[in-house]
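> what would the 3D arrangement of this be:
(2 chains)
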Amino acid sequence: MPTVSVKRDLLFQALGRTYTDEEFDELCFEFGLELDEITSEKEIISKEQGNVKAAGASDVVLYKIDVPANRYDLLCLEGLVRGLQVFKERIKAPVYKRVMPDGKIQKLIITEETAKIRPFAVAAVLRNIKFTKDRYDSFIELQEKLHQNICRKRALVAIGTHDLDTLSGPFTYTAKRPSDIKFKPLNKTKEYTACELMNIYKTDNHLKHYLHIIENKPLYPVIYDSNGVVLSMPPIINGDHSRITVNTRNIFIECTGTDFTKAKIVLDIIVTMFSEYCENQFTVEAAEVVFPNGKSHTFPELAYRKEMVRADLINKKVGIRETPENLAKLLTRMYLKSEVIGDGNQIEIEIPPTRADIIHACDIVEDAAIAYGYNNIQMTLPKTYTIANQCSQEDIADKLGVDISATKAVHISNPKTAEFQVARTTLLPGLLKTIAANRKMPLPLKLFEISDIVIKDSNTDVGAKNYRHLCAVYYNKNPGFEIIHGLLDRIMQLLDVPPGEDKGGYVIKASEGPAFFPGRCAEIFARGQSVGKLGVLHPDVITKFELTMPCSSLEINVGPFL
Amino acid sequence: MADGQVAELLLRRLEASDGGLDSAELAAELGMEHQAVVGAVKSLQALGEVIEAELRSTKHWELTAEGEEIAREGSHEARVFRSIPPEGLAQSELMRLPSGKVGFSKAMSNKWIRVDKSAADGPRVFRVVDSMEDEVQRRLQLVRGGQAEKLGEKERSELRKRKLLAEVTLKTYWVSKGSAFSTSISKQETELSPEMISSGHLHPLLKVRSQFRQIFLEMGFTEMPTDNFIESSFWNFDALFQPQQHPARDQHDTFFLRDPAEALQLPMDYVQRVKRTHSQGGYGSQGYKYNWKLDEARKNLLRTHTTSASARALYRLAQKKPFTPVKYFSIDRVFRNETLDATHLAEFHQIEGVVADHGLTLGHLMGVLREFFTKLGITQLRFKPAYNPYTEPSMEVFSYHQGLKKWVEVGNSGVFRPEMLLPMGLPENVSVIAWGLSLERPTMIKYGINNIRELVGHKVNLQMVYDSPLCRLDAEPRPPPTQEAA
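Numbers count the residues shown, from 1 in each chain, chains lettered A, B, ... in the order given. Now for the predicted structure:
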C-alpha cells in the first residue's frame, strides 16, 4: 500500500479547515485511507541517521497517509484534498478538459526501432503553470509514487517532464545503440555516452534499480527534440538541458512504456492533478503522437465514460434501502458524478479519467457503500443453510501407490535464506533443530509434529503434492527405542490398525536408513505398504544437529489412515 | 539391542527349553552383556505371570586386569627371566624394563637368576637355570578357563594377595515359564509409560487452530482441502483476477519454484475465459487491457494465500449443476517472501472463511463477521474500506483493543469480484463473501508472545509450549504484546 507524506498545515489549508489528529484519523478511516504516522522531517532523519544529522532539518508536522493501491488519484496532496473535499461535499468535482493549442500542436514521433524495447509513448503539455516550492516538490513526488506503484518501478511506464521553453518540437522517440547516445544527464556537469552512464549509475542508490530494464538490450530508448537535444533516456534519466524548476511555466510530459493502457493512465493522473495550477485551471494542452504505422493519436485521453447501474442492484449488493436519488448523491461524493435517469431506477454514472480503478459495476457498488458508511450498514446473517464437514483427505490414500522415495524435493528459485531453499520432504530436521534450540530444557524431550511435506509428483496438475506426516523424537540419556516403538504401537492402536502382517495390520521390519544407526532402524508397513521408519538416530546425525544425547525417532505418512 | 528384542529372544529360548534357563548362560550364548538379559527379565516380570524368575547368587573367581595381562603374557618374573641374555644384563638396565622391579625379586626368590656385584661396570644379572616353568601364568590361565576349583585354597589366596584374582558374587536369574506364559505377549503395550500419554503439551498454534476449526464447524462451515503448498500462478493469482503485472507477483513478494518450475495441467477452457477477462474484459468488466501470457500463469510458486484453494473449491462448485449454496473454511500454511522480523515470517497460517449463495450483501458479510468474531470474544468491530485485487467491495476488520487502547486490524474481507466468479461458471446472481486472518496474530496476542520466532519454527521456546494454558478464545486475553500488531 503506497504511503503519501503531506505537510499537515498545507493539507489543512487546502481543506479549508483544521482537524485534530483524531478527527483526521477518523475521516481517513471513513474514506478508506489510513493515517499511518504523524512525524516530521527532523524526526525521520533522527530516527534513521541519529540526532546530529537531524539538527538542521525541518520540524514541520508531516502526515503519512496509506492510500489504497488502486487509487492513483490520491497519491499527492492535490488529489487527496480534491477527493476529500468532494467526499465532504465542499466542492464539486472539477471537469478536466483537453484543449488544442492556439499555435502548432506539439508532436512526438515514434520510430519503429522502439518496437523491441519500449514500444509505447504518450505526451501532453501543461501550459502557464505556476509552481511554488511545495507544488514543485509535490509534482516530483507524484512522479516518484507513480513510478513505484502503477509503473512497477519504471518497468511498465517511465515519466519524463521537461521545460518546454528550452526545447523545440517536433520530438522523436527512437532507440539507438548505447554508444551512439550522448548527452548531459540530470544533475551532471558534462556529457556521457549511454554506456558510460550505465556504469556510473551502477553505484547510484536510486537509479541502479532501473538499469536492468534496458541494460542488456542492443538498443536503448531515447527522445530528441528537433535540434537533437536529448530530453530523456527512458526509463533511466532525463537530460539536464530541459530540466524543470520552480520557475518553469510550460511543461512537456512524456510517458514511455511497455503497457499502453498504464501509460495513458499515468499521463491522465499527472495532468489532472497538476492542471490545477495552470492559468486555465484543469485544462490540458493536447499533444500528438505519431506511431510507426503512420497513425497519429492525440493525448492525454482524459476520457469520461458513462456507466449505467440499477439502483436496486446497488441496494441488493450492499444490503441497504436507499432511493436512487440518494444513491446518486452518494456516488457523486465519491468523485463519480451520477444522476437518476430513465425509469427512475437507473443511475447514470460518469467515470472521470482520474478513476481508472473503476472497471466494473462492483467498483461502483463499493463506492456507494463507502459513501453510505460501512459502519452504517445493517448487519444481517445470511440464511445460507449448510451442513458442516471436516476435511478427510481421503483421496490421499488412493494415490499412495507412488513410491515416495523415488520422488524428489521441490526447489525454490528465489530463496531468501539458506534454510528456505526447498519445501521440506521430512519433518525430522525441524524437530531436531527445535531440540537444539531448547537444550536447556530438562530431559527427556519428547516432541512431535504433524504437518504436510511436499514431494514432486508429475501426476498432479502443478507437479508436486503434499503428504501429511507425523514425526516424533525422543531425546534422552538413553536412546529410548522402546519409547518410540511404544508410541508407534499406541498410534496404531488409536488408528485401529492391529499388529500383524495381515492386510489391514502393521509390522515393523529391520531396515536401514542414512539417518539411523545400523541395526537400529526398522521400516513400518501398514495396510500392505511402507509408511515410514523408526529407529535410533545415527551419532553423525545427532552431532550434526549439535545435539549431545542419543535420540530415537519415528516418521510416518499418516495419509493412509485418514 | 533394545530391551524389547532381548525379551522376545528370551521368551523364544524359554519356550524351547525344558524347565528353564539361566540368565548368565543365556547372555553367554547370545554374546551380550548379562545386564541386558537381566533388564529383559525384569521387564517381563513386570507383566505379571508370563515368566517366573528365581534369583540365584553364585561365587566364582575372576582375573583382575593385571591377572588378565599375566595370563596372556606371562608373570613379571618370567618376563624378567626371558629378557636376560646368556651373557647377562646390567641390573640398572633390567630395572628399567616394565616388569623389572616386581619381577626381579620374585625371580631371585625362585632362584632363577643371580646378581654379580663385582662386574666391571656395576652389578650384572645372569640366568641361573636354563629354563623355568611359569607356574603363575599356568594357574591364572586355569582360572580364566573357568577351572579355578583345580587350584588349592593356598594357591588361590596367594594369587589374590598379589591382586591377580578376585572373588565375585554373580546374581543370576533362573527363569522358568510362568502361568500366563506366551511368546507373543502384548509386550508393546507395556512399554507405553503412563506419562507418555498423559503429560503431552500441544503447541499454542495447534490449540488456537482447533478453536478456530471448532468455531467454523459450529457455524456450519465445511473444511476445504488445502493440501497443496505448491500452486500454479494461475490458481494463486490469475483465477483471482490479479493482473500479471501485480506487485504481489514479483520475486520480491513470492517464492517461485525452480523445480517443478511450471504447472503441467491447467483447465484450458477456463484458462481461456480468464485470459479474455484479464486482457479484454467481459462479464461487465473493462478488464485490465494487457497482453495476458500463459507462461506467466504456468509458473509454480509456494502459495501466497489459501485463497488459491478457495478458488479451486469454487471452481469445483461451479461445475456442479444446479448451484447449491456453500460455506467453506480452511486453516493452513502460506508463504511470502517477506522481510523477516519479530512479527513477520516467510511462512504463516491463514484462516479463511467463504460463503457462496444467491443475493449475499455486504451487510451479510458484516453479519457473519460479527458472529465469527463474537465467538472469538471480540465484540467491538468496525469496518474500513480497503483495496484487495480480488474482492470488491473490500473491508478491513478492526477491533478495539482494550490493552492497546486503540483499534487494531484483525482481519480482511470482501465480496469476490464478478471477474473472478463468472469465468468459473458460477451463476450471475450468486455472490461469494470471504474473509481471512492469520493464525499467528491472535495466538501471539492470546499468549502474550512478542516475537513470532518464539512461536513458530525451530527456535520455539518449549517452556512456553509446556506452560501455555488451554485456549479459550472468548476468555480475557493476557496483557497484550507491547508492539503494535503488524
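
> lowest-pLDDT helix or strand in chain A?
helix A:394-398 (a mean of 34; mean pLDDT, DSSP states H and E).

> spatially, what comes nearest to the residue in the stretch 51-200 of chain A that chain B sits nearest to if we skip its sequence neighbours?
Taking Cβ to the nearest Cβ, chain B has its nearest neighbour within the stretch 51-200 of chain A at A:P68, 3.5 Å off. Where C-beta positions appear, they are placed from N, C-alpha and C, glycine not excepted. Spatial nearest neighbour of A:P68, chain neighbours left out: B:Y387 (3.5 Å); criterion: Cβ to Cβ, 6 or more residues apart in numbering or on different chains.

> ok, then the element right after the least confident helix or strand of chain A?
strand A:411-412 (DSSP states H and E).

> do that following strand and chain B come into contact?
Yes: for strand A:411-412, a contact with chain B is found by Cβ under 8 Å from any Cβ of the partner chain, at A:411-412.

> and the residue of the stretch 451-562 of chain A found nearest chain B, how many neighbours?
Here the stretch 451-562 of chain A gets closest to chain B at one residue, A:G463, 3.3 Å apart by Cβ to the nearest Cβ. The number of residues packed near A:G463 is 21, by other Cβ atoms under 10 Å in any protein chain shown.

> over to A:L126?
Counted with other Cβ under 10 Å, the neighbours of A:L126 add up to 23.

> any idea what the nearest residue to it once chain neighbours are set aside is bridged to?
Leaving aside its chain neighbours, A:L126 sits nearest to A:I251 (4.4 Å; criterion: Cβ to Cβ, 6+ apart). Beta-bridge partners recorded for A:I251 (DSSP bridges): A:L126, A:D163.

> roughly how far apart are A:I251 and A:D163?
Distance of A:I251 to A:D163, given as Cβ to Cβ, to the nearest Å: 7 Å.

> ok, now A:L27?
In terms of Cβ to Cβ, A:L27 sits 37 Å off from A:D163.

> where does pLDDT dip in the chain?
Chain wasn't specified; assuming chain A. Along chain A, the parts satisfying pLDDT under 70 run over A:392-407, A:418-419.

> actually chain B
Using pLDDT under 70, chain B drops low at B:1-4, B:184-199, B:472-486.

> same thing but 50
B:1, B:187-190, B:196-198, B:478-486 (pLDDT under 50).

> leaving out sequence neighbours, find the closest residue to A:L381.
That would be B:G367: by Cβ to Cβ, 6+ apart, it lies 4.5 Å from A:L381.

> isn't the one you found up against A:K383?
No: using Cβ atoms under 8 Å as the test, B:G367 is too far from A:K383 to be in contact (10.7 Å).

> more neighbours: which of those two?
Using other Cβ under 10 Å, the more surrounded residue of B:G367 and A:K383 is B:G367, with 20 against 11.

> doesn't the more buried one belong to a strand?
No: assigned with DSSP: H, G, I helix; E, B strand; the rest coil, B:G367 falls outside any strand and is helix.

> got the contact list for it?
A:379-382 (Cβ atoms under 8 Å, 6 or more residues apart in numbering or on different chains).

> A:I251 and A:D163: which has the busier surroundings?
Shown here are A:I251 and A:D163; by other Cβ under 10 Å, A:I251 has more neighbours (25 against 17).

> ok, back up a step: any idea how far the residue of the stretch 51-200 of chain A closest to chain B is from A:S338?
21 Å.

> higher neighbour count, these two?
A:S338 (24 against 19).

> partner residues bridging the more buried one?
Residues in beta-bridge contact with A:S338 (DSSP bridges): A:I349.

> what about stretch B:414-432, start to end distance?
Its start and end residues considered, stretch B:414-432 measures 9 Å (Cα to Cα, to the nearest Å).

> now find how far off-centre that stretch is within its chain.
44 Å (Cα atoms, centre = their mean, to the nearest Å).

> that one: which residues count as buried?
B:414-426, B:430-432 (16 or more other Cβ atoms under 10 Å in any protein chain shown).

> check these against chain A, which are close?
Restricting those to contacts with chain A (Cβ under 8 Å from any Cβ) yields B:415, B:417-419, B:431.

> tell me which two in these are the farthest apart.
B:E419 and B:S431 (13.5 Å; Cβ to Cβ).

> the residue of the stretch 51-200 of chain A closest to chain B - that's part of a helix, no?
No: under the criterion used here (three-state DSSP), A:P68 is coil, not part of a helix.

> now do the contacts for it.
Here A:P68 is in contact with A:1, A:32-33, A:74, B:385-387 (Cβ under 8 Å, 6+ apart).
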